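Chemist: Got a sequence here, can you build the structure:
(one chain, ligands or ions: 2)
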Amino acid sequence: MQSCLFCRIIRGEVPSETVYQDDLAVAFKDIRPQAPVHLLVVPRKHVPTLNDVKPEDNATLAHLFQVARQLAEQFGVHQKGYRTIFNVNAEAGQTVYHLHLHVIGGRRLSWP
Ligand code: AMP
Ligand code: ZN
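Modeler: Ligands and ions are numbered 1, 2, ... in the order given. Sure, this is the predicted structure:
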């Protein structure tokens, strides 16, 4: 996707604070962190929302969670607690239409 912000970050056309990358996924710091730890784990493949995930994407989806828990450990929030979130579409507040798993922690989180 030519104009997608996260595709552009993945291609290195838009700067980001990358914290992890492999063949399937890239993770970087959220530009407007909602907590001391706020990372985004993103598949390299352009998938707009969770609604667009196909059965053949299941391994990638599982991988995003593996990367998330690994980063939670690396950033020191895995014991105290953290949240993983996919916002899906407008009412949930999705603003970037390239699938991304938020990893948020480092403070007590309210719900929802
Ligand atoms: P969502 O609202 O779930 O679509 O989340 C999109 C997230 O992307 C928000 O938390 C934004 O702060 C974050 N974001 C937007 N632009 C950038 C950027 N250039 N680099 C890093 N994070 C970004
Ligand atoms: Zn994209």
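Chemist: tell me, how many neighbours does the closest residue to Cys4 other than its chain neighbours end up with?
Modeler: Distances taken as C-beta to C-beta, 6 or more residues apart in numbering put His98 closest to Cys4, at 5.1 Å, once the chain neighbours are dropped. The C-beta positions use only the backbone N, C-alpha and C, and glycine is treated the same way. The local packing of His98 (other C-beta atoms under 10 Å) involves 21 other residues.
Chemist: how far out from the middle of the chain is the strand ranked longest in the chain?
Modeler: Using DSSP state E to define each element, the chain has its longest strand at strand 37-43. Put simply, strand 37-43 sits 3 Å off its chain's centre (C-alpha atoms, centre = their mean, to the nearest Å).
Chemist: before we move on, back to that, so the residue nearest to Cys4: helix, strand or coil?
Modeler: Judged by DSSP: H, G, I helix; E, B strand; the rest coil, the three-state class of His98 is coil.
Chemist: surely it meets Arg8?
Modeler: No. His98 is beyond contact range of Arg8, at 9.5 Å (criterion: C-beta atoms under 8 Å).
Chemist: and Leu64, what are its phi and psi?
Modeler: When read as degrees, to the nearest 10, the backbone of Leu64 gives phi -60, psi -40.
Chemist: where along the protein do the helices fall?
Modeler: Taking DSSP state H, the helices of the chain run over residues 5-10, 58-74.
Chemist: Spit out the contact partners of the nearest residue to Ile10 once chain neighbours are set aside.
Modeler: Leaving aside its chain neighbours, Ile10 sits nearest to Val26 (5.3 Å; criterion: C-beta to C-beta, 6+ apart). The contact partners of Val26, by C-beta atoms under 8 Å, 6 or more residues apart in numbering, come to 9-10, 18, 20, 41-42, 44.
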